[in-house]
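Engineer: I would like to see how this sequence folds:
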Amino acid sequence: MDLEFVLTNTKTDSIIRNGLIAATCLNQSLRLLDYGNVIVQENYRETSQVRIITGGANFMGDLVGKGMLTAAIQGEQSSAPASNIILRTLHELCHGHPGGALVIVPGDIGDMLNFGVAVERALNSDLRIRTMTVCDDRTCDRPRRCLCGIVLVYKIAGAMADGERNLAAICDYCRRLCENMVSAEIEVFGGQSYDECKCNRQSSPVDSSSKYLPQVKVCLDNLIKVCRVSGSTDALNVDCLDDEFSDDKLLLTSNDEIVVLVNNNNELEKLEMYSLVKDMIEYLRSMNLQVQRFYIGDFMQLSHTKLSFTILKVIDSDVLYYLDAACEATGWLRMVQGEYPLNTDVVIKGVIEKTIRTESPVKGPRLSETHTNILLFSMQFACNALISCERQLNCIDANKFNSGGIGKFKGDTGTRMRTLSELLLKRMKVDKIPLEYPFTFFDNMSKILEKSLGGSTGCIYSIMFEAAANVFGAYELNEPVRIGMWMEAFGAVVEALQRYCDVRFGDGTMFDPIYRFVETSKLELERNCSSLSDDGLGAFGVAVEKAEETIEEIKKRKVYADPGAHAVGIWMRAIYEGVKVRWPN
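Structural biologist: Reported below is the predicted structural model:
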C-alpha cells in the first residue's frame, strides 16, 4: 500500500490525531493526552507556574512549549473543541495547582461558547481560572473575529508565566495588550497594481492569468489614528478626538513604538513575504511610527482569511522583554530535537482520572419548602407555555431564516423548546430535577439544556445556568437564601453572556430582554424593598414588563423577529405568573 493511498483514505479524526502525534514527535518537550486531542508540555505537573491554555478549530499545537502555551486543545475539522474535553483539560492542568490558569479564547462564536460552558463548570469545581477572549479584527462589525494578534498574546502570557508572574498580573496585562492591538486582512490582487484600498471600494478585479507578481494592498485608514504631538496634553486631545476617530481605531502618537506581526497563512512565497516586510516598515516609518519588532511567518492557519497582520503598541518596556524571552514552541522558534531519537510514542496518560458524576453536588444555601414548591410550579408553568407556543416560535424562526418566506426552511426553535419542555416536565414528575438547592438546580439544568436543546442555543442556556450556579455555590449551606443572592446570580448571567457570546444590549438578540430584566429588577428593588416581599414580587413584575417591551422594540427595529428573544419573553412571563399564583399572601 503506497503512502498516497493511506493519506487520501484516512478519516478526518484519524488525520487530526496523526497530525498531533507528528507535531509532538517533532518537539520532544511535548506530549499528547490520552483522552482527547490535547497537546501539553511534558513537564506541566512539575512546575508551579500559571498555566496558559487555549484551543480552537485552528491548529495551535506548535505554539505549545516552554515560554508560550502550556496546552492547546484541538477542535474537530472547522469546529471548536467539545466542552467536555475542554473541561477535563482544565481539571487535568488546574486540579491541586495553586498557580491557576489563564484561558485565552479565540474570538470565534463556537470557541467562545464551548469554552464558556467548560470554564463556568470548572469554576463551580473551585478551580483557579481566569479567562479572556481575543477579538482583534477591528475591520468587521460585531461579532468581531480573532486574527493573528492572539499569537502575540500567547507569547507574552507564556513568557510572563515563565517569569513566575501571578495569574491576576498576567491576565490584566494581556487585556491591556488587547486594548492596544489591532488586526486586519491584507488583500492580495492578481498581477496588476490596484490603487484603491478595501475601505473605499465595493469589489476588486483579479486577473488570474497575469504573469506579474501579486499586488498586495495594506490599508491602515480604518485601523489606526496617528496624532502628531505638539504642545500640551489638551492639544493632543483636540488633535486626536476628531470626526475621523472612532473607538475601533488604535490611537497612536508620533514616534510611538510598535510591534508588527504578519501571518502569511501560506499565501505568499518567501521572497514576496520579505518584500512585503520592507514595504510595510517603510510605510509605517513614513507615519512616524517606530517598528521595534517585526514577525512574519505561517503562525496560524485561519480558514476564514488568508494574509493578515497585527499592530501592537509597545505600552512599556516589558512588551519587548517578554517577546524576546526564550521560547521552545516550534511555531515561534526552531524545532526542539536531539535529546533522544525521534519516535511516535508520545501519548501519556492523564493524571486525573475521568469521573462519571450521576448527580449534581449539593452546595450553597437551601430553599424553604414553600419556595421550593413555588420554583416547581413556575417551572411547570414555563414548560407548558413553551409547549403551547411551538408553532408560533417555528414561524418566527422560519421567517427570519428564509428572508421573508422565500426559502423552504420550516423553523425548529419551537419544536426544540417543546421537546426540552416535555423532558423537563417528565423529569420533574418523578423528582429527577433537584429543586431545594439553587446551586444544584442550576447545575443540573445546565447539563440538561446543553445536551437536550443542543447547538448554540443549548450552549448559551448552559452558560447562563452555570454562571447562576457559580454564585449560589460560593455561599455556605447554612445561609438563608436572600434576594441579594438572586440578583447576584442574575448579574453573573449577564456578565457570562457578554463574555462568551460577545453580545451587547441593543444587538437585537435574546440577550436584550435578559439584560433589561436584570437592570430593571435592580432599580425596582433598590427603590422599593430589600427582601422578597410583595414589593419584591412587584419589582419582578415590572422587570418582566420591561423585558417584553424590549422584545417589541426588537420587532420594530429589525426586519424579522428574533426567535430566541421571543422564547425568553414566553418563559419569563410564565415564570412570573407561576410565582404570583403560589406566592404567599
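Engineer: Under the pLDDT cut-off, which ranges of the stretch 251-400 of the chain? List them.
Structural biologist: Residue ranges of the stretch 251-400 of the chain with pLDDT under 70: 304, 333-346, 356-358, 400.
Engineer: The spatially closest residue to Thr70 that is not a sequence neighbour: neighbouring residues, count only.
Structural biologist: Take Thr70 and drop its neighbours on the chain: the residue closest to it by C-beta to C-beta, 6 or more residues apart in numbering is Arg51, 4.1 Å away. For glycine as for every other residue, the C-beta is placed from the backbone atoms N, C-alpha and C. Per other C-beta atoms under 10 Å, the neighbour tally for Arg51 reads 27.
Engineer: Wait, Arg51 touches His97, no?
Structural biologist: Yes - shown here, Arg51 and His97 form a contact pair, counting by C-beta atoms under 8 Å, at 7.0 Å.
Engineer: list residues touching both of those two?
Structural biologist: Overlap of the contact sets of Arg51 and His97 (by C-beta atoms under 8 Å, 6 or more residues apart in numbering) is empty.
Engineer: how about the strands of the stretch 51-200 of the chain, start to end?
Structural biologist: Applying DSSP state E, counting those that start in this stretch to the stretch 51-200 of the chain gives strands spanning 51-56, 71-74, 101-106, 129-134, 181-185, 187-189.
Engineer: Nearest residue to the middle of this protein?
Structural biologist: Met112 (2.4 Å; C-alpha atoms, centre = their mean).
Engineer: Now do the contacts for that one.
Structural biologist: Contacts of Met112 (C-beta under 8 Å, 6+ apart): 105, 133, 499-502.
Engineer: Any idea which helix or strand in the protein has the lowest mean pLDDT?
Structural biologist: helix 233-240 (a mean of 35; mean pLDDT, DSSP states H and E).
Engineer: Only the buried residues of the next helix or strand after it, if you could.
Structural biologist: Downstream of helix 233-240, the next assigned helix or strand under DSSP states H and E is strand 250-253. The neighbour-count check on strand 250-253 (16 or more other C-beta atoms under 10 Å) flags 250-253 as buried.
Engineer: Run me through the strand neighbours of strand 250-253, direction for each.
Structural biologist: strand 224-227 (parallel) (DSSP bridges).
Engineer: what about the strand it pairs with, average pLDDT?
Structural biologist: Averaged over strand 224-227, pLDDT sits at 65.
Engineer: Pull the distance from stretch 316-325 to the chain's centre.
Structural biologist: What separates the centre of stretch 316-325 from the centre of its chain is 26 Å, taken as C-alpha atoms, centre = their mean, to the nearest Å.
Engineer: And whichever strand or helix holds Leu425, what does it pack against?
Structural biologist: For Leu425, the enclosing helix or strand under DSSP H and E is helix 413-429. With contacts taken as 3 or more C-beta pairs under 8 Å, 6 or more residues apart in numbering; DSSP states H and E, helix 413-429 sits against helix 369-388, helix 390-401, helix 438-452, helix 563-582.
Engineer: hang on, the earlier thing: tell me the spatial nearest neighbour of the residue nearest to the centre of the chain, not counting adjacent residues.
Structural biologist: Nearest non-adjacent residue to Met112, counting by C-beta to C-beta, 6+ apart: Tyr500, 4.7 Å away.
Engineer: show me the contacts for the one you found.
Structural biologist: Here Tyr500 is in contact with 105, 112-113, 115-116, 133, 463 (C-beta under 8 Å, 6+ apart).
Engineer: So the closest residue to Gly65 other than its chain neighbours versus Ile514, what's the distance?
Structural biologist: What sits nearest to Gly65 in space, not counting adjacent residues and going by C-beta to C-beta, 6+ apart, is Ala329, at 3.4 Å. Computed as C-beta to C-beta, to the nearest Å, the Ala329 to Ile514 distance reads 40 Å.
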